[in-house]
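Undergrad: would you be able to build a 3D model of this:
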Amino acid sequence: MSPKCCSHIGRPRSFDANQALEKALEVFWQKGYEGASLNDLTQAMGINKPSMYAAFGNKEQLFLQAIELYESRPQAYFYPALEQDTIYDVVDYMLKGAVANLSDPSQPQGCVIVQGALSCSESASTIKQALQERRAQGSVALQQRFERAKEEKDLTADADPEALAHYLATVLQGLNVHSTNGATEKQLQQVASLTLDTFKRVSSAKIAASLQSMSK
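TA: Residues are numbered from 1 along each chain as shown. All right, here's what the predicted structure looks like:
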């Protein structure tokens, strides 16, 4: 992903746009969209306001580009999790990714998308709506993955894909809130383990593997 830059023709850029965007992401992550002032952003990015406007547009456009960067980081786990072979592996990958990210001391606490949507006021309704739409897209993709698992008989016959998708999404958002309230990595892992126990009971593939192991 590269920033949507629009610098003046013939004028060389005096800063690294990707690095500047990473710095902007850190500020938004720490302070939220409304809490981050233009001075906060430009100081962290190491540029002046005219350069920021020329390279990224206004504050709203800068924030949306920072969110794109956030979702494309190597640490991103949501969409890669959906590509795992079994539904149990999907849930395991997703929960481990969430715990690892939320307990990483090198980055701000919580998920910038979840927190941003919760903290935006009506004056930032456009940003709030954009974040809610991203979360909705994720929810649809998650439910579709559960529905696929049901079709592939990777879930028990009585499993409800929609309910399971909502359940996992609720757990992930809960982990985020729990983390921002000071939960330790061990406490987050305990929640993840309890959640995995639930999916063991509805994952046909996991049950079959377990029974096969017991019969040996």
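Undergrad: so Thr195 touches Ala169, yeah?
TA: No - proximity of Thr195 to Ala169 does not meet the contact threshold set by CB atoms under 8 Å, at 11.5 Å. Quick note: C-beta positions are derived from backbone N, CA and C, even for glycine.
Undergrad: and the two? which has more neighbours close in?
TA: Using other CB atoms under 10 Å as the criterion, Thr195 and Ala169 rank with Thr195 on top: 20 against 16.
Undergrad: give me the nearest residue to that one, chain neighbours excluded.
TA: For Thr195, the nearest residue in space outside its immediate sequence neighbours is Val171; the separation is 5.1 Å by CB to CB, 6 or more residues apart in numbering.
Undergrad: how many residues are close by the one you found?
TA: Per other CB under 10 Å, the neighbour tally for Val171 reads 20.
Undergrad: tell me the contacts of it?
TA: Leu95, Val191, Thr195 (CB atoms under 8 Å, 6 or more residues apart in numbering).
Undergrad: is the second one in contact with Asn176, as I believe?
TA: No - the pair Val191 and Asn176 fails to qualify as a contact (CB under 8 Å) at a distance of 11.3 Å.
Undergrad: more neighbours, the two?
TA: Looking at Val191 and Asn176 with other CB under 10 Å, you find the greater number of neighbours at Asn176, namely 22 against 17.
Undergrad: pLDDT score for the more buried one?
TA: Among the per-residue scores, Asn176 shows a pLDDT of 89.
Undergrad: any figure for the gap between it and Asn101?
TA: With distances taken as CB to CB, to the nearest Å, Asn176 is found 9 Å from Asn101.
Undergrad: overlap of the contact sets of these two?
TA: By CB under 8 Å, 6+ apart, the residues touching both Asn176 and Asn101 are Cys111.
Undergrad: now the contacts of Val171 as TSV including distance to Leu62?
TA: Below are the contacts of Val171 laid out as TSV (distance: CB to CB, whole Å):
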residue	distance to Leu62
Leu95	32
Val191	34
Thr195	35
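Undergrad: which of those residues sits closest to Gly110?
TA: Gly110 has its nearest neighbour among these in Val191, at 15.0 Å by CB to CB.
Undergrad: alpha carbons of stretch 88-103, as PDB, please.
TA: Taking Å, rounded to 0.1, in the frame of the first residue of the first chain, the C-alpha atoms of stretch 88-103 are listed here in PDB:
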ATOM      1  CA  TYR A  88     -10.700 -24.600  14.400                       C
ATOM      2  CA  ASP A  89      -7.400 -23.400  12.800                       C
ATOM      3  CA  VAL A  90      -9.200 -20.200  11.800                       C
ATOM      4  CA  VAL A  91     -10.300 -19.500  15.300                       C
ATOM      5  CA  ASP A  92      -6.900 -20.600  16.800                       C
ATOM      6  CA  TYR A  93      -5.000 -18.300  14.400                       C
ATOM      7  CA  MET A  94      -7.300 -15.400  15.100                       C
ATOM      8  CA  LEU A  95      -7.200 -15.600  18.800                       C
ATOM      9  CA  LYS A  96      -3.400 -16.100  19.000                       C
ATOM     10  CA  GLY A  97      -3.000 -13.100  16.700                       C
ATOM     11  CA  ALA A  98      -5.300 -11.000  18.800                       C
ATOM     12  CA  VAL A  99      -3.500 -11.800  22.100                       C
ATOM     13  CA  ALA A 100      -0.100 -11.300  20.500                       C
ATOM     14  CA  ASN A 101      -1.000  -7.900  19.100                       C
ATOM     15  CA  LEU A 102      -2.900  -6.700  22.200                       C
ATOM     16  CA  SER A 103      -0.100  -7.600  24.500                       C
END
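Undergrad: kind regards, and thank you for your time.
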